[in-house]
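Colleague: make a model of this:
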Amino acid sequence: MSNTSFKALNIAVLTISDTRSEVDDVSGRKLVTAVNASGHRNVDKAIVRDDKYAIRAKVSGWIADPEIDVVLTTGGTGITGRDGSPEAIKPLMDKEIEGFGEMFRVLSYEDIKTSTLQSRTVAGVANATYLFVLPGSSSACMMAWDKLISHQLDARTMPCNLVMLMPRLNEV
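Modeller: Below you'll find the model as predicted:
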């Protein structure tokens, strides 16, 4: 950590599922709780079905909203027929952050061993908005938040973090 002060970001959370509702959306609820507990602000939360156009519509709206700094999605990163979150969201990205998926799988290996190769979690940036596409498992979401995302969304994390890049994300 450094002498830089914490900067609260506006974060939206999207659960991608054909079966979840607000009543049983454990992963989405845990992400919202973690976001708020960290000092950031959860400014929106939604659930959409596993449909790439429904996913793109919601995420595109948040990307276009200048008040939203970060989008966290949960669900749809596996390899079954309905898992299409990466395919829905990657085309919206201006740049992919390859290291996020790589680090996620390394850390996930500690818990689930070689099953981590089935995770297609990704991250990127679009219109100066950070996008994190996470698995539907609440333990995987929390591992990603606790070990990776929360640190990179904290301006005090050194030697560098994603917050310090925010003013330059839209530079040409």
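
Colleague: ranges for the strands of this protein?
Modeller: Ranges of strands within the chain are 10-16, 41-48, 70-74, 95-96, 122-126, 129-134, based on DSSP state E.

Colleague: so how far is stretch 140-150 off the chain centroid?
Modeller: Computed by Cα atoms, centre = their mean, to the nearest Å, the chain-centroid distance of stretch 140-150 equals 9 Å.

Colleague: what's the answer for stretch 5-25, then?
Modeller: Centre-to-centre, stretch 5-25 and its host chain are 9 Å apart (Cα atoms, centre = their mean).

Colleague: please shift the residue numbers so they start at 30 in all later answers.
Modeller: Understood, numbering begins at 30; the last thing we discussed is stretch 34-54.

Colleague: tell me the buried residues in that stretch?
Modeller: Under the neighbour-count criterion of 16 or more other Cβ atoms under 10 Å, stretch 34-54 has Lys36, Leu38, Asn39, Ile40, Ala41, Val42, Leu43, Thr44, Ile45, Ser46, Arg49, Asp54 buried. C-beta coordinates here come from the backbone N, C-alpha and C atoms, glycine included.

Colleague: for that stretch, measure first residue to last.
Modeller: Criterion Cα to Cα, to the nearest Å; first-to-last residue distance in stretch 34-54 is 33 Å.

Colleague: report the central residue of this protein.
Modeller: The chain has Phe161 as the residue nearest its centroid, 2.3 Å off, counting by Cα atoms, centre = their mean.
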